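no sequence for this one, just the structure:
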């Protein structure tokens, strides 16, 4: 690499570090240092953006087109000789080709898309009966900006075709789990277990050999980030390296067991689930983006569940029907109620249109738990997967009889269950029975005496003011009984009350009258009603008779029982685990296991993992442990020894090495706080959570908090800058796979980020206080930032950088300023952002 000139910097007095001016030579100095410490690692972009665009189209765009546009701009309209402007909007080709006025939609170019000016009533007035709501227009603008993803093809979306449910059940992802034989391999010494045999078998089929295992320093860093989302401390690295020298396999196993017991495990893996649960703490409506101050309790429920290794089938069941499950104590009931917030967390449109909410809930359940897009069947039978419109409205009926609470108190649960609860309930019953009897008699006596009847608590004053002597004689015995009842109540209230817990939750809330079952909305049109569909489960998920749903029940409990043990649920979850440990799933389309999703690269391995997951009692930790102890997971991320590897398998789908991965935004932010010594490793208290919730619209204030990023509120209108720059997912869609591109703007962001500047200052102070010489500080910095020692060249580069920057001034403040710029350069380096 050619050496970039490193000019002297201008002198300036001691001051707080400030964003670098790109016009000064200091930028070139810093860029040189960054480039010299590590060449930029380039990763292939993921396909998550396309998935998000398709999901957005299905949720926000297609229903509007069906309801407002197809009557005049579809193949049906053409057959009826009602087509307007030669414009077809019912296919991707039609909407992009346009009609008499040109292309209706130009992906990525809002101003060139005639459709936008038409629905804004700027050029045409479409729809002609009235302008669409501003929120809907904003959705179309966003869709085009996202690239106008559109899965429709052909000449008409209303073409009649029949779905073969039985054939759908035979599709690979819907089949029952099968016993899979572990393959034999030629190199029998290489595998450590069954996973390695599956991986090596595929490699040998393609005449490839796996690379060597990773260096212990790389492996310990990989394990800490993958399992905890945090970098290892210097002491933790040294302890592992010493143990690995004696017994590498034993040291790795011991470390993995230690990490799985850490409370930080749930914080890391809980955040993965929150992506899938489209976790947000406001409703996301364009006009009234109301905050949900109790949403954090669901977040903490998820974290606690992963830490406790709650069986996944139970975890799933609680989120669908936790309020309907039996419980043994207050804590269990509270936990199960908090779990049902899963159904309440979706973004809500202005006006909270009921069918939109039901469709969002259904699609979330389908994509997150089964990898199936159920929402596509709202307007028509699914074109690719075995999901009918009948299925959609049968399941929508279940959620139509489910109410959600944004912020409701939980009543103490164990009254009448425990001995203390029974005693307390008996006192309550006796006291309130006496109170009711006395007040009833008092009302009768007062009415008989012709006294004024006052509401509720005013009656005592009325007795004191109005009764005459004769009337008082009748009332005094009743007053004595009332005094006795009051004394019993005071005794009851003297015992400490249970904590009042506010949480988002779902409960059975049957629709009034005979509206429990929904009518089909033909083509999704709310005003065009079809047949009533009894509540039920999607047909492809069961064989034989449909599970019976009691008349006075929503059906959520029956739905949960079907979902939790369906083979799709196990396959989807183990694939998510694999994705988070390798950077891609065995099925790369982690949220789509339907016919349009990709097929597994290692189908037998996926089947074996799902089978073991079930046999292990749906233990997530056992699945993680089994995978990370494999040799396949522990491979080096080094470049291949020959070009043939990339010619045969350019994207490493066969797993001949461990692919380098960029840290996500949370891990990056948490690492910055760790290096500076600022991270608060404990969870926030209830008071702190409530305080953070009230500040959730102020992203800058939240960014200054030193808690782990998972504990910061997620407002759907205010994102922390660093998370936005590093592809934090939209919180209104199921996102099982984040985009993780490495682009130049990310380095520029880090160079000018107030967060990075602040923690570069703190890290500089840490170095100055922890080492006596510049040489020692450079070595300490590399250990803190990268978990390794600086090479001789890096040591020299660092000292040159410090020497050429030292002209900034004299004294402690100036010295700290120099070291802060050094730390900032390390924060901006590729090595800090990537795992190898």
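Thanks, I have it. These figures come from a predicted structure and were not determined experimentally. Residues are numbered from 1 along each chain as shown.

May I see the buried residues of stretch 139-157?
Buried residues in stretch 139-157, counted by 16 or more other CB atoms under 10 Å: 139, 140, 143, 144, 146, 148, 149, 150, 151, 152, 156, 157. Any C-beta I mention is one placed from the backbone N, CA and C, and that applies to glycine too.

Show me the two of these that sit farthest apart.
146 and 156 (25.0 Å; CB to CB).

For residue 188, give its distance to residue 330.
Going from residue 188 to residue 330 by CB to CB, to the nearest Å gives 55 Å.

And these two? Which one has more around it.
The residue with more neighbours, out of residue 188 and residue 330, is residue 330; 20 against 9, by other CB atoms under 10 Å.

so what's the more buried one scoring on pLDDT?
Residue 330 is assigned a predicted lDDT (pLDDT) of 87.

Same check on the one 10 residues further on?
Residue 340 is assigned a pLDDT of 96 by the prediction.

Equivalent analysis for residue 363, please.
Value listed for residue 363 in the pLDDT field: 93.

Check the one 4 residues further on too.
The confidence metric pLDDT takes the value 95 at residue 367.

Confirm it sits in a strand?
No. Applying DSSP: H, G, I helix; E, B strand; the rest coil, one finds residue 367 to be helix, outside a strand.

what about the residue nearest to it when sequence neighbours are not counted, helix or strand, and which?
Among residues not flanking residue 367 along the chain, residue 734 sits closest, at 4.1 Å (CB to CB, 6 or more residues apart in numbering). Using DSSP states H and E, residue 734 sits in no helix or strand.

count of neighbours near residue 734?
Residue 734, neighbours per other CB under 10 Å, totals 24.

So it sits against residue 276, correct?
Yes. Between residue 734 and residue 276 there is a contact at 5.6 Å, judged by CB atoms under 8 Å.

for the stretch 101-250 of the chain, what are the low-confidence residue spans?
154-161 (pLDDT under 70).

in the stretch 251-400 of the chain, which ranges drop under the pLDDT threshold?
Scanning the stretch 251-400 of the chain for pLDDT under 70 picks out 349-352.

Please disregard the earlier target; I meant the stretch 551-700 of the chain.
Low-confidence segments of the stretch 551-700 of the chain, defined by pLDDT under 70: none present.

Could you pull out the helices in it for me?
For the stretch 551-700 of the chain, the helices defined by DSSP state H, counting those that start in this stretch cover 556-564, 567-582, 603-615, 620-628, 644-648, 665-675, 686-694, 699-703.

Any buried residues in the fifth one, and which?
By neighbour count with 16+ other CB under 10 Å, helix 644-648 contains the buried residues residue 645.

which parts of stretch 77-91 are buried?
Result for stretch 77-91 [16+ other CB under 10 Å]: buried residues 77, 78, 83, 84, 85, 87, 88, 89, 90, 91.

The residue lying closest to the fifth one once chain neighbours are set aside pairs with what?
Just to be clear, that refers to residue 85. Using CB to CB, 6+ apart and skipping the chain neighbours, the partner closest in space to residue 85 is residue 99 (4.3 Å). Per DSSP bridges, the residues bridged to residue 99 are residue 102.

Could you tell me which residues make contact with residue 99?
73, 85, 86, 87, 88 (CB atoms under 8 Å, 6 or more residues apart in numbering).

same thing with residue 297?
Here residue 297 is in contact with 338, 341, 501, 502, 503, 504 (criterion: CB under 8 Å, 6+ apart).

And residue 820, by the same measure?
Shown in contact with residue 820 (CB under 8 Å, 6+ apart): 17, 757, 760, 761, 763, 764.

Turn these into CSV, columns for distance to residue 561.
Conversion of the contacts of residue 820 to CSV gives the following (distance: CB to CB, whole Å):
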residue, distance to residue 561
17, 58
757, 54
760, 54
761, 56
763, 52
764, 58
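
ok, so of these, who is nearest residue 624?
Among the contacts of residue 820, and counting by CB to CB, the member closest to residue 624 is residue 763, at 31.3 Å.

Can you verify my assumption that the closest one contacts residue 677?
Yes. Here residue 763 reaches residue 677: they are 7.5 Å apart, a contact under CB under 8 Å.

Now a PyMOL select for only the buried ones of the contacts of residue 297.
Only the buried members of the contacts of residue 297 end up in this PyMOL selection, burial being decided by 16+ other CB under 10 Å:
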select buried, resi 338+341+501+503+504
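
Tell me, how many residues neighbour the nearest residue to residue 766 once chain neighbours are set aside?
Nearest non-adjacent residue to residue 766, counting by CB to CB, 6+ apart: residue 677, 5.0 Å away. When counting by other CB under 10 Å, one arrives at 15 neighbours for residue 677.

show me the contacts for residue 677.
By CB under 8 Å, 6+ apart, the contact list for residue 677 reads 762, 763, 766.

Contacts for stretch 510-520, please.
For stretch 510-520, contacts defined as CB under 8 Å, 6+ apart pick out 389-390, 393, 396-397, 400-401, 529-535, 551-552, 554.

For the residue nearest the centre of the chain, which residues are in contact?
For the chain, residue 275 is the residue whose C-alpha lies nearest the centre (CA atoms, centre = their mean; 1.5 Å). Listed by CB under 8 Å, 6+ apart, the contact set of residue 275 reads 729, 734, 735, 736, 738.

Please identify which of those is nearest to residue 127.
Among these, residue 734 lies closest to residue 127 (CB to CB), at 30.1 Å.

which ones are touching the closest one?
So residue 734 contacts 55, 275, 276, 277, 278, 363, 364, 367, 368, 591 (CB under 8 Å, 6+ apart).

The residue nearest to the third one when sequence neighbours are not counted: what's it in contact with?
On the basis of CB to CB, 6+ apart, the spatially nearest residue to residue 276 that is not a chain neighbour turns out to be residue 368, at 4.5 Å. Neighbouring residues of residue 368 by CB under 8 Å, 6+ apart: 276, 277, 591, 734, 736.

Which pair of the residues you listed spans the longest distance?
Looking at the contacts of residue 368 by CB to CB, the two members farthest from one another are 277 and 591, with 12.3 Å of separation.

Once you drop chain neighbours, what's closest to residue 645?
Spatial nearest neighbour of residue 645, chain neighbours left out: residue 656 (5.9 Å); criterion: CB to CB, 6+ apart.

give me the number of residues near that neighbour?
Using other CB under 10 Å, the number of residues around residue 656 comes to 23.

What of residue 694?
For residue 694, the count of nearby residues is 11 (other CB under 10 Å).

Verify the stated contact: it with residue 296.
No. Using CB under 8 Å, residue 694 is not in contact with residue 296; the gap is 11.5 Å.

Taking helix 665-675 as reference, get the angle to the helix or strand harbouring residue 776.
Assigned by DSSP H and E, residue 776 falls within helix 774-786. Angle between the axes of helix 774-786 and helix 665-675 is 150 degrees (criterion: axes from the mean of the first three to the mean of the last three CA atoms, to 10 degrees).

Now do the helix or strand that comes right after helix 774-786: which elements does it pack against?
Scanning forward in sequence from helix 774-786 by DSSP H and E, the next helix or strand is helix 792-805. For helix 792-805, the packing partners by 3 or more CB pairs under 8 Å, 6 or more residues apart in numbering; DSSP states H and E come out as helix 25-37, helix 774-786, helix 811-827.

re the thing from before, can you check which residues contact both of residue 734 and residue 276?
367, 368, 591.

before we move on, the earlier item: how much space between the residue nearest to residue 276 and residue 592?
From residue 368 across to residue 592, the span is 12 Å (CB to CB).

Show me how far stretch 184-196 is from its chain's centre.
36 Å (CA atoms, centre = their mean, to the nearest Å).

in that stretch, what's buried?
Under the neighbour-count criterion of 16+ other CB under 10 Å, stretch 184-196 has 185, 190, 191, 194, 195, 196 buried.

Among those residues, which are located in helices?
Cross-referencing those against helices under DSSP state H gives 194, 195, 196.
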